[in-house]
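In: Sequence and predicted structure, then a few things I'm wondering about:
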Amino acid sequence: MDEPLPTSIDRLRESVAIRVHATSLRAVARQVGMSPSGLEKFIAGGMPYSNTRRKLVEWWYREGAQPNLELSADSVAVALGTLVRDLPPDRRERTLRVLVGTLRELYEAHGTPVPGWLGEMPG
């Protein structure tokens, strides 16, 4: 029987996806110790075999759970662009501006300083 995950498989997948957006698929695959195609399948929702899951958990303990991952405006723009990619092309830019504006408003409403990456984003 596999030992329990330190976090949910969805959170593990999210951590991997965030790191891939901030760096690259190949770099994260190298850190985890698996193939880029296998990592891509995991990010897309595939369930890893136990040996691969162990590697992902080890990576999470070593790298993925660290909150000091610096986000850049570019990596966030890529992530947001992915979220709106299915909208008609003439609506994407406006939607991105609304998303960025909403994020700024939420940070301000919670009395939290706007992170540097958000301050660099147009909107």
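Out: Good, I have the coordinates.
In: Would you mind giving the domain segments of the chain?
Out: Following automatic domain parsing, one gets these domains for the chain: 9-64, 73-119.
In: Export those domains to JSON lines and append columns for mean pLDDT and mean neighbour count.
Out: (Glycine included, C-beta is placed from N, CA and C.) Shown next, in JSON lines, are those (pLDDT from 0 to 100; neighbours: other C-beta atoms under 10 Å):
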{"stretch": "domain 9-64", "mean pLDDT": "89", "mean neighbour count": "16"}
{"stretch": "domain 73-119", "mean pLDDT": "89", "mean neighbour count": "13"}
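In: secondary structure element for Arg94?
Out: Taking DSSP states H and E as the definition, Arg94 sits inside helix 89-109.
In: what helices or strands is that helix leaning on?
Out: Helices and strands touching helix 89-109, as assessed by 3 or more C-beta pairs under 8 Å, 6 or more residues apart in numbering; DSSP states H and E, comprise helix 73-83, helix 116-119.
In: what sits up against the last one?
Out: For helix 116-119, the surrounding residues in contact (C-beta atoms under 8 Å, 6 or more residues apart in numbering) are 71-73, 75-76, 100, 103-104, 107.
In: Go through those residues and name the one nearest Val32.
Out: Relative to Val32, the closest of those is Ser75; by C-beta to C-beta it sits at 18.5 Å.
In: Was I right to think that closest one contacts Arg19?
Out: No - counting by C-beta atoms under 8 Å, Arg19 is not a contact partner of Ser75; they are 9.6 Å apart.
In: so how far is the helix holding Arg94 from its chain's centroid?
Out: Averaging C-alpha positions (C-alpha atoms, centre = their mean, to the nearest Å) puts helix 89-109 18 Å from its chain's average.
In: Number the chain from 336, please
Out: Sure, I'll start numbering at 336, so the last one becomes helix 424-444.
In: In CSV, list the C-alpha atoms belonging to it.
Out: Extracted in CSV, the C-alpha atoms of helix 424-444 (Å, rounded to 0.1, in the frame of the first residue of the first chain):
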residue,chain,number,x,y,z
PRO,A,424,-9.5,36.2,-29.7
ASP,A,425,-11.1,39.6,-29.8
ARG,A,426,-12.3,39.1,-26.2
ARG,A,427,-9.1,37.8,-24.6
GLU,A,428,-7.2,41.1,-24.0
ARG,A,429,-10.2,42.7,-22.3
THR,A,430,-10.8,39.7,-20.2
LEU,A,431,-7.2,39.7,-19.1
ARG,A,432,-7.4,43.3,-18.1
VAL,A,433,-10.6,42.6,-16.0
LEU,A,434,-8.8,39.6,-14.3
VAL,A,435,-5.8,41.7,-13.4
GLY,A,436,-8.0,44.5,-12.2
THR,A,437,-10.0,42.1,-10.1
LEU,A,438,-6.8,40.7,-8.5
ARG,A,439,-5.6,44.1,-7.6
GLU,A,440,-9.0,45.0,-6.1
LEU,A,441,-9.0,41.8,-4.0
TYR,A,442,-5.5,42.4,-2.7
GLU,A,443,-6.5,45.9,-1.7
ALA,A,444,-9.8,44.8,-0.2
